[in-house]
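Q: dropping a prediction and its sequence here:
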Amino acid sequence: MRRPTALPLLLLLATLVALLGLPSLLGHQVAAQSPAAPGAKPAGKSMTAQAAKAADDDAKDDEKDEDAEELTPEQVLQRLMARPEAVQGRTVRGQTIQDAPPFTATKRIDQLDYYPCDDCHGDQEPNPKPRVLKDEHVDLDFQHGGGRFWCYTCHNAKDMNHLKSLDGTPISFDESYKLCGECHFQRQKDWYFGGHGKRAGTFADPRKVPLVHSKIDFSDREKIGTWRGPRVLLNCTACHNAHSPSIKPYEPSPPPEVRKGLQRFGVVVPEPQPLWQKLNSERGAAQ
Amino acid sequence: MTEKHPVPGEGAPQVSRRSLLKKGGLLGAIATFFGAGGAVAASNALQEDGAVADAVGDFFQQHYKKMSPEEIQAAIGRIEREAKRTYGADITVGNDPPLEGVVFGYALNLSKCKGTRRCVEACMAENNQSRDSQIQYIRVLELEHGHMDLNESDPYYDEKSVPQQGKVYMPIQCMQCNNPPCVKACPVEATWKEPDGVVVIDYNWCIGCRYCMTACPYWARHFNWTPPTIPKEQINKDTHYLSNRPRMKGVMEKCTFCLQRSRRGRLPACLEACPTGARVFGNLLDPNSDIRYVLENKNVFRLKEDLGTEPKFWYYTD
């Protein structure tokens, strides 16, 4: 039913595109041939050109081949990597982490046993070869990255007192959230705005919440957290072990008593004994 | 039944109604025989710590909202003395008013909750809940992964380690509904919604009819069947009139988002105790608050939203 009406329309479209699309495509070719700063060119423009090209594919086969020949592998790579702006998670209000309410993160360096690291590492040559550590740091559990990381993925080999970002910028141990956010950027965004992590409070170090419930001390009411006023956020490393970040299992606090008259779901309760039998059996047990 | 389940806090042997009436009658006869002198001596002994005067004051105490500031202060004095007599603890009962421009909201990340029940433990310690009764403001439900049927949930799970494979955990507490059915059910208006959105109870005005308990679809209200038992050294001395002051037998109690803390800018105890950071608390009216970020940016839902109770407690996953 549709074909007889669609065919002339398609033909009309093809001629229109041929008339209008030719100059724009030629213009694009000119831009592509000029090697001046091809990396700075926004990726969006080449995408539209490609779409236009695909639309009138059948009309100009010969010109398409010419276009492909002009690009060197470097240019192709540069085109692929050129971004209009850095990838940034935005909130629904369009905020980035720069727009997050001001905060201070809890300190990390004063909790590190071996800091400053240069005391030992200062005169050592960094060994980039992944291996099992036998002499020092033997207690570290390297779960992070599932074996794909080695120390110098995050630690700065040139300056062991600092961490380093993926592009080599030194990052203080106190600002580890900047480093973690390079991969975990969604979590980082949540953390900046308060959707992930905790504010500093009674348990300044949640990893020190005892695994055995009876050892919890709720009496320390001096270190308090607030929902208003200055935000003091727990650093990533306050909760997560940087070398093995997943939260380890806990022993739960004791369950409540089963409410009288109810029973646990799935538990079969035997039929209640008739009162006389119950009395008899109790009397027998007493004797 | 009483032998199998000893009632905590009542060490005295159980007496039947009839024998009690008999004894009462006997006492009355004795009192008339020995005249007013004996009665005065007995009341003097009681009055040394003001128990009788306080009992009389309690009896004539007005509804919280109808009391003048002086009357509230007098009531607070009575509560503090009563706590001293009962628990031997010097508590302070605060009366912080609701903050201007603040409505409290709560969000809980179900992806993060591992079912450690630390919130329950912190809540009991903070809110002076009876240690051996069944009153716990927070119930942590254990659900099969992918199931949301609360009828098949288990609040009594007692595994050695959590989280268990294939289980998810869902803590439930008072949702501080914006349209609270419990408030409508109360025949004496002993419970109401404060301007900061928290539903509170005047324990002195509560008659213990438990209508609110049945009206609540979240099982958030709890009744003191027995006098609460709390070890003296575990009493939280930092209390609020409408929140965690020691309760008496025969009244309702519930979560108040830790009014004694939150009205002073602090975070609720359950949030502070959560080891996984699953809980988010804040001012719903502040566009830059944590809670607003969660509500705007996460997939949130409210429990039994179809009932129209408008809870101010959101669950989310990420």
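A: Received, thanks.
Q: CA atoms for contacts and neighbours, from now on please.
A: OK.
Q: any idea which helix or strand carries B:Lys76?
A: I think there's a mix-up here, since residue B:76 is Ile and not Lys. Using DSSP states H and E, B:Ile76 sits in helix B:69-87.
Q: the helix or strand that comes right after that helix near chain A at all?
A: For helix B:69-87, the succeeding helix or strand toward the C-terminus, using DSSP H and E, is strand B:92-94. No. Using CA under 8 Å from any CA of the partner chain, strand B:92-94 never reaches chain A; the gap is at least 15.0 Å.
Q: ok, strand B:92-94: who's next to it in the sheet?
A: Here strand B:92-94 has these sheet partners by DSSP bridges: strand B:238-240 (parallel).
Q: same question for the strand it pairs with, mean pLDDT?
A: In this model, strand B:238-240 has a mean pLDDT of 91.
Q: touching it from outside, list them.
A: Identification of contacts with strand B:238-240 by CA atoms under 8 Å, 6 or more residues apart in numbering or on different chains yields B:91-96, B:245, B:259-260.
Q: hmm, which of the residues you listed are the buried ones?
A: Using 16 or more other CA atoms under 10 Å in any protein chain shown as the burial test, the contacts of strand B:238-240 include B:91-95, B:245, B:259-260 as buried.
Q: kindly report the residues of the stretch 101-250 of chain B close to chain A.
A: B:115-118, B:120-122, B:125, B:134, B:136, B:152-163.
Q: buried among these? Make that a PyMOL selection.
A: In PyMOL syntax, the buried subset of those is picked out as below (16+ other CA under 10 Å):
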select buried, chain B and resi 115+116+117+118+120+121+122+125+134+136+153+154+155+156+157+161+162+163
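Q: okay, now A:Asp139: neighbour count?
A: Here the number of neighbours of A:Asp139 (other CA atoms under 10 Å in any protein chain shown) works out to 8.
Q: just the strands from the stretch 101-250 of chain B, written as ranges.
A: B:104-109, B:139-144, B:167-172, B:191-193, B:199-201, B:222-223, B:238-240 (DSSP state E, counting those that start in this stretch).
Q: save those as CSV, and put in distance to A:Asn241 too.
A: Shown next, in CSV, are the strands of the stretch 101-250 of chain B (distance: least, CA to CA, whole Å):
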stretch, distance to A:Asn241
strand B:104-109, 21
strand B:139-144, 27
strand B:167-172, 23
strand B:191-193, 43
strand B:199-201, 40
strand B:222-223, 40
strand B:238-240, 35
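Q: can you put the ones you listed in TSV and add mean neighbour count and distance to B:Arg292?
A: Output for those, formatted as TSV (neighbours: other CA atoms under 10 Å in any protein chain shown; distance: least, CA to CA, whole Å):
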stretch	mean neighbour count	distance to B:Arg292
strand B:104-109	24	9
strand B:139-144	21	24
strand B:167-172	21	21
strand B:191-193	19	21
strand B:199-201	24	21
strand B:222-223	18	30
strand B:238-240	20	27
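Q: ok, which of those comes nearest B:Leu303?
A: strand B:167-172 (9.0 Å; CA to CA).
Q: what is that closest one packed up against?
A: If you count contacts as 3 or more CA pairs under 8 Å, 6 or more residues apart in numbering or on different chains; DSSP states H and E, strand B:167-172 packs onto strand B:139-144.
Q: what's in contact with the strand it packs on?
A: Defining contact as CA under 8 Å, 6+ apart, one finds that strand B:139-144 is touched by B:115, B:117, B:120, B:149-150, B:152-157, B:166-173.
Q: can you do 6 Å?
A: The contact list for strand B:139-144, computed with CA atoms under 6 Å, 6 or more residues apart in numbering or on different chains, reads B:153-155, B:167-172.
Q: just the angle between that strand and strand B:167-172, please?
A: Compare the direction of strand B:139-144 with that of strand B:167-172 by axes from the mean of the first three to the mean of the last three CA atoms, to 10 degrees and you get 150 degrees.
Q: same question for strand B:139-144, mean pLDDT?
A: Mean pLDDT, strand B:139-144: 93.
Q: distance between the ends of stretch A:228-239?
A: 22 Å (CA to CA, to the nearest Å).
Q: actually stretch B:86-94, not the one I typed
A: Its start and end residues considered, stretch B:86-94 measures 19 Å (CA to CA).
Q: ok now it, how far from the chain's centre?
A: Centroid displacement of stretch B:86-94 relative to its chain, using CA atoms, centre = their mean, to the nearest Å, is 16 Å.
Q: who touches that stretch?
A: Stretch B:86-94 has contacts (CA under 6 Å, 6+ apart) with B:80, B:84, B:232, B:237-241.
Q: okay, those residues in JSON lines with distance to A:Arg90 next?
A: Formatted as JSON lines, the contacts of stretch B:86-94 follow (distance: CA to CA, whole Å):
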{"residue": "B:Glu80", "distance to A:Arg90": "51"}
{"residue": "B:Lys84", "distance to A:Arg90": "55"}
{"residue": "B:Lys232", "distance to A:Arg90": "51"}
{"residue": "B:Lys237", "distance to A:Arg90": "44"}
{"residue": "B:Asp238", "distance to A:Arg90": "41"}
{"residue": "B:Thr239", "distance to A:Arg90": "41"}
{"residue": "B:His240", "distance to A:Arg90": "41"}
{"residue": "B:Tyr241", "distance to A:Arg90": "43"}
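Q: hmm, back to that, now for the buried ones among the contacts of strand B:238-240, which pair is the farthest apart?
A: Checking those against each other with CA to CA, the farthest-apart pair comes out as B:Ile91 and B:Leu259, at 15.8 Å.
Q: for the stretch 1-150 of chain B, which spans come out with low pLDDT?
A: Within the stretch 1-150 of chain B, the ranges that satisfy pLDDT under 70 run B:1-49.
Q: all the helices of it, in order from the start?
A: B:17-47, B:51-59, B:69-87, B:118-126 (DSSP state H, counting those that start in this stretch).
Q: tell me the buried residues in the second one?
A: In terms of neighbour count (16+ other CA under 10 Å), helix B:51-59 has its buried residues at B:51, B:54, B:58.
Q: quick one: the strands in the stretch 51-200 of chain A?
A: Secondary structure of the stretch 51-200 of chain A by DSSP E, counting those that start in this stretch: the strands cover A:103-105, A:163-164, A:170-171.
Q: weakest of these by average pLDDT?
A: strand A:103-105 (a mean of 86).
Q: show me what it is packed up against.
A: Where contact means 3 or more CA pairs under 6 Å, 6 or more residues apart in numbering or on different chains; DSSP states H and E, strand A:103-105 is packed against strand A:231-233.
Q: the strand it packs on - what's its average pLDDT?
A: Rounded mean pLDDT across strand A:231-233 is 84.
Q: and it, what does it pack against?
A: With contacts taken as 3+ CA pairs under 6 Å, 6+ apart, strand A:231-233 sits against strand A:103-105.
Q: so what strands line up beside the strand it packs on?
A: If you go by DSSP bridges, strand A:103-105 pairs up with strand A:231-233 (parallel).
Q: the partner strand: what's the following helix or strand?
A: Following strand A:231-233 in sequence, per DSSP H and E, is helix A:236-239.
Q: B:Pro195 - nearest residue in space that isn't next to it in sequence?
A: B:Pro98 (6.4 Å; CA to CA, 6 or more residues apart in numbering or on different chains).
Q: that neighbour - how many residues pack around it?
A: A count of neighbours around B:Pro98, defined by other CA under 10 Å, yields 17.
Q: what's the answer for A:Pro130, then?
A: Residues lying near A:Pro130 (other CA under 10 Å) number 12.
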